[in-house]
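Student: Take this sequence and fold it.
(3 chains, ligands or ions: 2)
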Amino acid sequence: MIRFDAVTKRYPDGTVAVDELDLEAPSGRITVLVGPSGCGKTTSLRMINRMIDPTSGTIWLDGRATADVPPATLRRGIGYVIQHAGLFPHRTVLDNVTTVPGLLGHDRRTARTRAMELLERVGLEPRMASRYPAQLSGGQQQRVGVARALAADPPVMLMDEPFSAVDPVVREQLQNEFLRLQQDLHKTIVFVTHDIDEAIKLGDQVAVLAVGGHLAQLAAPAELLSRPASTFVAGFVGRDRGYRALGFTTGEVALQDEPTVRVGADVGDARRVARDEWVLVVDEGGAPQGWWLLSGDPGGRADHTVEAARLNLGGTLATAGGSLRSVLDAALSSPSGRGVVVDDDGRLLGTVTAAAVIDRIEALARDGRSGDTAAAGRP
Amino acid sequence: MIDYWSSNQAEIWRLLWSHAWLSVVPVIIGLVIALPLGWVAARHRWAYPPLVGIAGLLYTIPSLALFVALPGILHTRILDVTNVVVALTVYAVALLVRVVSDGLTSVSADTLQAATAMGYRPAGRFFAVELPLAVPVIAAGVRVATVSNVSLVAVATFVGTAQLGTLFTEGLSRTVNQLPPILTGILLSLVLALVLDLLIQLATRLATPWRRAEVRR
Amino acid sequence: MIGDWWSYLTDPDNWDGRNGLWANIVEHVTYSGIAVGVALLIAFPLGLWIGHTGRGATLVVGTVNASRALPTFGLMVLLFILISPHFTGKTDLPYILPVEIVLLLLAVPPILSNTYAGLQSVDPAVRDAARGMGMTGGQVLRQVELPNAYPLIMSGLRSAALQVIATATVGAYIGLGGLGAPIYDATQQGPFQDTESSHLATGELLTGAFLVAALALLIDLVLATIQRYTTSRGITGRYRSSSDLVAPSEVAVRAAEGRTDLAPGGQQVAAL
Ligand SMILES: Nc1ncnc2c1ncn2[C@@H]1O[C@H](COP(=O)(O)OP(=O)(O)OP(=O)(O)O)[C@@H](O)[C@H]1O
Ligand SMILES: [Mg+2]
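Tutor: Ligands and ions are numbered 1, 2, ... in the order given. Have a look, this model is predicted:
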């Protein structure tokens, strides 16, 4: 556990970057620091591994004041990932990853074996190991940066906007892989970002900082969305937060049975089972493939079959037990107005209308529960 | 010292003038030669390594070696001032080809595309856009070349060309009062280097008014 | 003329003896080596210190600019006149000292400024990451800053060596040996005329010029080769398997070339 105890940082020029900060980052969890530019996120993070020394106050790491640990020793036990990775250009990927084990005097061969495992874990092929950083894409470099921070298996990781220098698609990949990794590793992570969506997606708890280094709110993501503590937090969390909060709400919604046909079935059969203009098409295993529009088949010739190429693929799929946001989105995006819900193996369970989801949301609100919060309900 | 100056005034002026001339002219000729070569090196990727490589090779040849070997190559006489001018020009070209090329490459691709889009042909674009924008980098190279030349010219004493270096040999050949000519030579060549450096900086400032705006902003 | 040169160069008599070409080469290499060696001892640690701490940077820029304007020949003569009266007896010191001092003054700035510039050129994020991983100041310097600054430091060394070798020839004027000696000797005997003694002088002159140029090229080649094989391929961009790389952009290639190959203008770094 990392604990900030009335920590203040005043730079020599008088700037107060962090002001009397009290904060706890629980072990095995991801704590995200988020806030507008210049609010002291980086400063706070770098005080943990003593890259910056606090002006006053104490930072405790598992019951020890960090000020009592020599900086180099402290840092070797804390993984550190920064924007643009900061890889050593003169060392191969493998040598970059084995840097800290080297500093700690670990056995070289063990370190290399472990580094290769780590590279695989962060999604890099073994042949990348002998490359130099200049031979990697930005996303690959960032993966190496994460692997390098994990190399000596530190219990604590500090990450300063590690995914902000890559494009949105790669960023999302990296975020998902990062969450998967954390499921196995259970590190104590402090993660800095200025992107509230990233904070909400990754954080077990989110600390919103205001300029001047004040802690504006510390809460689980769902609570942040549903109960912002101040107008500043409300403004920072932004629009759509009611809708986004649904992302942290799960709840049973009654499903309707949906008649289906297989790909390749007669259009006549489809017309027979259809409830309206639209028929859901599934494969042999029962996985939804798309919607078939009956009136889109002029003449309705009986010899016509349901072709995969002419399916409407517009609807998203929701997984049973997923968030109400994903269920609602399935309903809203479906051409038939009926959202498709599948089980964990992708097989059709039934459909649901937007109205049914809204009823459910209202019922939950009436019960005074805002659903299971993310901290507890996160898969 | 004062005595020495007053009694040798005309001679000192003559040497100073010759030294200044020998320092500046080769750089001007060198720049004229280096501009097209640097342009080729900047425009064609394949041309950069050989051109800059050869320039680097020329630069490694010691000046004295070049001074004395040129009569053999040019069929000039050993005491001919042409040897010195040619040798110093070679150094200027060697230095400036790389500088010109790097200066031209440093002009942003966006600017060049904008110029092309506005309808400049390659030649017009070169003189209206690329060259002016490369001036600061090229000027820095010209400063280096000129100031180094002031020091190199003195070596031409070996091949009998009269310039401030002559004062050094004159001092050495005296038996009494050796210092005044030597100190005069050192002092004047320092001043000359300083003045030429300032002149080039001033000219660069005048030639690139937009940079002053950038600084002020 | 080429004949004069060739016959002088290939005549074994000209190579042997106390004033032979071998002796000249050995002297030249010795004087240059001492100057560059001492300059390295002074400038390298100083440059590392300034580059690592960031203190005294203005000093670096100042010395480099001033050194370029240094009238080396005049300074040599001046020092000779000032120093020689203090030595009596059979010693070469009154010749050697002025030359070595001037050579030292020439060699220090490029090494100093390039060492400094090399450390400055290290990406701050890389240095930050190194510290953040728990490297001590010395480890950051040795394991991160030095390897990345290495190409620039080497080009500073090459540039210093070239200037020293070139300027050492001028020492002949005050009576020092080295490869300047045959050149100076020959110019005194009227080369490039059609008499037998002049043909000999021409040969001697061109041989001296040839040898000093060859020496400069050779030393530069040796240093360039050392540099090439001791610089990390991650920095030079000469990757082992060319099929296996993400094509670096043209700009990056240029930048890499510019970093490894600053030979002539090693000093430019501070000026541009
Ligand atoms: N070395 C320094 N000296 C003086 N002031 C500094 C220094 N470093 C940071 N600051 C100031 O402290 C404040 C907080 O800076 P910090 O880098 O922690 O912000 P941040 O929240 O990480 O911002 P960003 O999202 O832009 O990275 C800013 O006002 C910044 O200008
Ligand atoms: Mg920051």
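Student: Phi, psi for the closest residue to A:Val100 other than its chain neighbours please.
Tutor: For A:Val100, ignoring the flanking residues on the chain, the nearest one in space by C-beta to C-beta, 6 or more residues apart in numbering or on different chains is A:Ala152 at 4.3 Å. For every residue, glycine as well, the C-beta is placed using N, CA and C. Torsion angles at A:Ala152 (phi, psi; degrees, to the nearest 10) stand at phi -90, psi 20.
Student: How many residues are close by A:Ala152?
Tutor: Look at A:Ala152: counted by other C-beta atoms under 10 Å in any protein chain shown, it has 22 neighbours.
Student: now it: how far from A:Asp95?
Tutor: When distance is defined by C-beta to C-beta, to the nearest Å, A:Ala152 is 14 Å away from A:Asp95.
Student: do the same with B:Tyr59
Tutor: For B:Tyr59, the distance to A:Asp95 equals 36 Å [C-beta to C-beta].
Student: does A:Val7 count as helix, strand or coil?
Tutor: strand (DSSP: H, G, I helix; E, B strand; the rest coil).
Student: do the same with B:Thr157
Tutor: Per three-state DSSP, the secondary structure class of B:Thr157 is helix.
Student: Hmm, it is touching B:Gly165, no?
Tutor: Yes. In this structure, B:Thr157 is within contact of B:Gly165 by C-beta atoms under 8 Å, at 3.7 Å.
Student: for chain A, what are the nearby residues on the stretch 101-250 of chain C?
Tutor: Taking C-beta under 8 Å from any C-beta of the partner chain, the part of the stretch 101-250 of chain C that reaches chain A is made up of C:123, C:125-126, C:128-136, C:139, C:143-144, C:147-148, C:232-235, C:237, C:239-240, C:244-246, C:248.
Student: Let me know the pLDDT of residue 204.
Tutor: All of this is about chain A. At A:Asp204 the predicted local confidence, pLDDT, stands at 95.
Student: I was after chain B.
Tutor: 89.
Student: and it, backbone torsions?
Tutor: For B:Thr204, the backbone dihedrals (degrees, to the nearest 10) come out as phi -60, psi -40.
Student: so who does it touch?
Tutor: For B:Thr204, the residues meeting the contact criterion (C-beta atoms under 8 Å, 6 or more residues apart in numbering or on different chains) are B:Val135, B:Pro136, B:Ala139.
Student: Tell me which entries of these lie within helices.
Tutor: B:Val135, B:Pro136, B:Ala139 (DSSP state H).
Student: just those now: which is nearest chain C?
Tutor: Each of these was checked against chain C using C-beta to the nearest C-beta; the closest is B:Pro136, at 8.8 Å.
Student: Just confirm that closest one contacts B:Trp210, I think it does.
Tutor: No. The pair formed by B:Pro136 and B:Trp210 falls short of the contact definition of C-beta under 8 Å, at 10.3 Å.
Student: what about C:Leu112, helix or strand, and which?
Tutor: Assignment of secondary structure by DSSP states H and E places C:Leu112 within helix C:93-120.
Student: And the helix or strand following that helix, what does it pack against?
Tutor: Toward the C-terminus, helix C:93-120 is succeeded by helix C:124-132 as the next helix or strand (DSSP H and E). Contacting helix C:124-132 under the criterion 3 or more C-beta pairs under 8 Å, 6 or more residues apart in numbering or on different chains; DSSP states H and E are the following elements: strand A:78-82.
Student: The strand it packs on near chain C anywhere?
Tutor: Yes. Applying C-beta under 8 Å from any C-beta, one finds strand A:78-82 in contact with chain C at A:Ile78, A:Tyr80, A:Ile82.
Student: remind me which residues of the chain are low pLDDT?
Tutor: No chain specified, so I'll use chain A. Confidence mapping of chain A against pLDDT under 70 gives the ranges A:297-303, A:368-379.
Student: right idea, wrong chain: chain B
Tutor: Of all residues in chain B, those with pLDDT under 70 make up the ranges B:213-217.
Student: Now do the helices in chain B.
Tutor: Secondary structure of chain B (DSSP H): helices at B:2-43, B:48-60, B:63-74, B:81-105, B:109-117, B:122-125, B:131-153, B:165-173, B:179-207, B:209-216.
Student: quick one: which of those helices is nearest ligand 1?
Tutor: Smallest distance to ligand 1 across the helices of chain B (C-beta to the nearest ligand atom): 23.7 Å, for helix B:209-216.
Student: Show me the contact partners of stretch C:144-154.
Tutor: Contact with stretch C:144-154 is made by A:88-90, C:44, C:47-48, C:51-52, C:111, C:114-115, C:117-119, C:121-123, C:126-127, C:130, C:135, C:223, C:226-227, C:230-232, C:235-236, C:259-260, C:262, C:269, as judged by C-beta under 8 Å, 6+ apart.
Student: which regions of chain C sit below the pLDDT cut-off?
Tutor: For chain C, applying pLDDT under 70 flags the ranges C:240-272.
Student: hey, where'd the helices end up in it?
Tutor: Listed in chain order, the helices of chain C (DSSP H) span residues C:2-10, C:21-53, C:57-68, C:72-83, C:93-120, C:124-132, C:137-139, C:146-168, C:180-187, C:196-230, C:233-236, C:250-260, C:268-271.
Student: Report all helices and strands that the longest one contacts.
Tutor: This points to helix C:196-230. Judged by 3+ C-beta pairs under 8 Å, 6+ apart, the packing partners of helix C:196-230 are helix B:48-60, helix B:63-74, helix C:2-10, helix C:21-53, helix C:146-168, helix C:180-187.
Student: Centre of the chain to the fifth one, how far?
Tutor: Taking C-alpha atoms, centre = their mean, to the nearest Å, one finds the center of helix C:146-168 at 6 Å from the center of the full chain.
Student: Could you do the second one as well?
Tutor: Distance of helix B:63-74 from the chain centroid (C-alpha atoms, centre = their mean) equals 19 Å.
Student: Run through the neighbouring helices and strands of that helix.
Tutor: By contact count (3+ C-beta pairs under 8 Å, 6+ apart), the secondary structure elements abutting helix B:63-74 are helix B:81-105, helix C:146-168, helix C:180-187, helix C:196-230.
Student: List the buried residues of it.
Tutor: Taking 16 or more other C-beta atoms under 10 Å in any protein chain shown as the basis for neighbour counts, the residues of helix B:63-74 that come out buried are B:Ser63, B:Leu64, B:Ala65, B:Leu66, B:Phe67, B:Val68, B:Ala69, B:Leu70, B:Pro71, B:Gly72.
Student: Buried subset of the contacts of stretch C:144-154, written for ChimeraX?
Tutor: In ChimeraX, the members of these classed as buried (16+ other C-beta under 10 Å) are selected with the following command:
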select /A:88,89,90 /C:44,47,48,51,52,111,114,115,117,118,119,121,122,126,127,130,135,223,227,231,232,235,236,259,260,262,269
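Student: Please enumerate residues in contact with stretch B:67-75?
Tutor: B:76-78, B:80, B:82-84, B:86-87, B:155-156, B:158-159, C:1-2, C:5, C:183, C:186-187, C:191-192, C:202, C:205-206, C:208-210.
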